[in-house]
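# give me the fold of what follows.
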Amino acid sequence: MSECHDEVCITCSDTAVPVTIVRLLDDGLAVVDTGAGQEEVSVALVRAAVGDTVLVHAKEAIAVVGS
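Have a look, this model is predicted:
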């Protein structure tokens, strides 16, 4: 997984960003493709599958986009 640059991860910014789920992990977590690398985020609040695009804010998926 990629490391955060400038001490800010794309999924930790002040806006929700669309990312694609690459792999589901245990405990409500997933690996997502941010377009700039991969990060681990929580998907505990949404019903999402591999390949889905989700909006992520503060490392938490808050919505599934276009399902």
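# with only the CA atoms kept, save the longest strand seen in the chain in CSV.
Among the segments of the chain that qualify as a strand by DSSP state E, the longest is strand 17-24. Extracted in CSV, the C-alpha atoms of strand 17-24 (Å, rounded to 0.1, in the frame of the first residue of the first chain):
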residue,chain,number,x,y,z
VAL,A,17,-13.3,11.3,-2.6
PRO,A,18,-14.4,8.5,-4.9
VAL,A,19,-12.3,5.4,-4.7
THR,A,20,-12.6,1.9,-6.1
ILE,A,21,-12.6,-1.2,-3.8
VAL,A,22,-9.8,-3.5,-4.7
ARG,A,23,-10.1,-6.1,-1.9
LEU,A,24,-12.4,-6.6,1.1
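# note down every partner strand of that strand and its orientation.
According to DSSP bridges, strand 17-24 forms sheet pairs with strand 29-33 (antiparallel), strand 53-57 (antiparallel).
# contact partners for the nearest residue to Ala49 once chain neighbours are set aside?
Excluding its sequence neighbours, the residue lying closest to Ala49 (Cβ to Cβ, 6 or more residues apart in numbering) is Ile21, at 6.9 Å. Yep, even glycine has a C-beta here, placed from its N, CA and C like the rest. Applying Cβ atoms under 8 Å, 6 or more residues apart in numbering, one finds that Ile21 lies in contact with 30-32, 43, 48-54.
# kindly report the same for Asp52.
Listed by Cβ under 8 Å, 6+ apart, the contact partners of Asp52 are 20-21, 64-65, 67.
# nearest to Ala16, of the strands paired with strand 17-24?
Proximity to Ala16, assessed across the strands paired with strand 17-24 by Cβ to Cβ, is greatest for strand 53-57 (4.2 Å).
# and that closest one, average pLDDT?
Mean pLDDT, strand 53-57: 95.
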